[in-house]
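A predicted structure for the sequence below; I have some questions about it.
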Amino acid sequence: MSDLTANDTPVPSIETKSGSGLENAKNTVVNNASAAANAVKNHPITQSVTNGPVAENIKDQHAKTTSEFSNLAASRTTPATPAATGQQLTPYHSFFTSLLSWNNPRASAIAYLSVVLFIFAARYLDVLRYAMKLTWVTLAITVAAEVTGKVLFSTGFTSQIRPKKYYTVSKATLDSFMGDLTEIINFFVIESQRIVFAENVFASAAAFVGAFLSYYLIKIVPFWGLTLISTSVLFLSPLIYKTNQELIDHHLKNASNMINQQTEQVKQLASHHAARATETTKQYVGEYSAKAQEMIGSRSRSVSPTITKAEPTKKENVPAYKSEDFPAAPKEEFKSVPTTESAAEGLREPSSEEEPLIAT
């Protein structure tokens, strides 16, 4: 049986009252905010601003900016022209080429301003300290709101705005992020090698000038200032060339013609002097070789006699010996052989008569 009588009045539960009060307060706040937003939206001044020329211009610029960012994102494709080694380049080669060439000026300007603001923020703002401060302030608000709601209304305020399902990062998103990270790292790796190995001479020369100036500027300019200068040169140089392309190309053509003329004159002068030097060298070589041959010939004549060739004699039918080559035959009769004494006397006293060729 129930303990209530006919004269008793039922008292509502505290939990039910607190829950309904929180819901009523929430609905009241939402309704008041909605009414205020509708009032502001329907105000004549708001209508004149939102539907006036300023609003139309803002909408037009927003549409153009969105379209340019879409075009910039669509330009991230693999280039058709490979590197000098024959390998394919990364899609970020086309992306950064489109960004720095100012084909989409609004997107390039926003990217440049974003980089400049980031540099100034890193220089003048203690980003890490402010991040820690934002963290503890956020946690303090959520904890205080939850505790206050549970004490006053038995239901925390933070739990009321808690999502039905916590956010997660899908595997496809992580794979896409890692793929983009790999491509952008390979972009810097490949581009640095192309600059080092002079695949594009002008790009390598520009990188040399930048590195040379940075080497001396780093002594007097802080790192953030050098980064700001490098970013400005990287973004604004293509823009200056694009806006003054005809004038710059005209002066570059004149400079190229002048350099070609001077180079041709130097070549002609060098060839002329080379020809004269060659002729003079040949002349000196001929003179010195003649003198050397003359010295060698005089030395050989002083050392060995001159050898002359004997002329061959003609053979005729001539006897080998003549009659005059033999002594005359004796005409007198043979005498008797002298004795020893007479021979000795003959040796002692030479006779006045001629001796015959053959002794008798």
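Yep, that arrived.

which residues in the stretch 51-200 of the chain form helices?
With DSSP state H, counting those that start in this stretch as the criterion, the stretch 51-200 of the chain has helices at 53-74, 91-100, 105-124, 127-153, 157-160, 171-196.

can you lay out those as TSV showing distance to residue 215 and mean neighbour count?
For the C-beta atoms, the positions are set from N, CA and C on the backbone; glycine is no exception. Formatted as TSV, those follow (distance: least, Cβ to Cβ, whole Å; neighbours: other Cβ atoms under 10 Å):
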stretch	distance to residue 215	mean neighbour count
helix 53-74	34	12
helix 91-100	24	18
helix 105-124	21	14
helix 127-153	29	12
helix 157-160	55	15
helix 171-196	16	12
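
out of the ones you listed, the one nearest residue 287 is which?
Put simply, out of the helices of the stretch 51-200 of the chain the one that sits nearest residue 287 is helix 171-196, at 53.1 Å, with distance taken as Cβ to Cβ.

helix 91-100 and the closest one, what's the angle between them?
Relative orientation of helix 171-196 versus helix 91-100 (axes from the mean of the first three to the mean of the last three Cα atoms, to 10 degrees): 70 degrees.

which strands and helices sit next to helix 171-196?
Helices and strands touching helix 171-196, by 3 or more Cβ pairs under 8 Å, 6 or more residues apart in numbering; DSSP states H and E, are helix 91-100, helix 201-217.

residue 83 versus the residue nearest the centre of the chain, what's the distance?
Geometric centre of the chain, nearest residue: residue 195, 1.2 Å, by Cα atoms, centre = their mean. Distance, residue 195 to residue 83, using Cβ to Cβ, to the nearest Å: 12 Å.

swap in residue 233?
Distance, residue 233 to residue 83, by Cβ to Cβ: 25 Å.

next one: residue 234
According to Cβ to Cβ, residue 234 stands 21 Å off from residue 83.

dump the helices of the stretch 51-200 of the chain to CSV, plus mean pLDDT and distance to residue 246.
Converted to CSV, the helices of the stretch 51-200 of the chain look like this (pLDDT from 0 to 100; distance: least, Cβ to Cβ, whole Å):
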stretch, mean pLDDT, distance to residue 246
helix 53-74, 85, 25
helix 91-100, 91, 20
helix 105-124, 92, 19
helix 127-153, 91, 44
helix 157-160, 86, 64
helix 171-196, 92, 29
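
need these in a markdown table (columns: distance to residue 273).
Formatted as a markdown table, the entries for the helices of the stretch 51-200 of the chain read as follows, by distance: least, Cβ to Cβ, whole Å:
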| stretch | distance to residue 273 |
| --- | --- |
| helix 53-74 | 57 |
| helix 91-100 | 47 |
| helix 105-124 | 53 |
| helix 127-153 | 66 |
| helix 157-160 | 91 |
| helix 171-196 | 37 |
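
out of those, which gets nearest to residue 277?
For these, distance to residue 277 was read as Cβ to Cβ. The smallest value, 39.2 Å, belongs to helix 171-196.

now the angle between helix 201-217 and that closest one, please.
Here helix 171-196 runs at 90 degrees with respect to helix 201-217, directions being taken by the same axes, to 10 degrees.

distance from the chain centre to helix 171-196, please.
19 Å (Cα atoms, centre = their mean, to the nearest Å).

what do you get for stretch 242-250?
Here stretch 242-250 shows a centroid-to-chain-centroid distance of 25 Å under the convention Cα atoms, centre = their mean.

what mean pLDDT does that stretch get?
On average, the pLDDT along stretch 242-250 is 88.

residue 241: which of the helices of the stretch 51-200 of the chain is closest?
Each of the helices of the stretch 51-200 of the chain was checked against residue 241 via Cβ to Cβ, and the shortest separation belongs to helix 91-100, namely 10.9 Å.

name the helices or strands packed onto that closest one?
Here helix 91-100 is seen to pack against helix 53-74, helix 105-124, helix 171-196, helix 223-243 when contacts are counted using 3+ Cβ pairs under 8 Å, 6+ apart.
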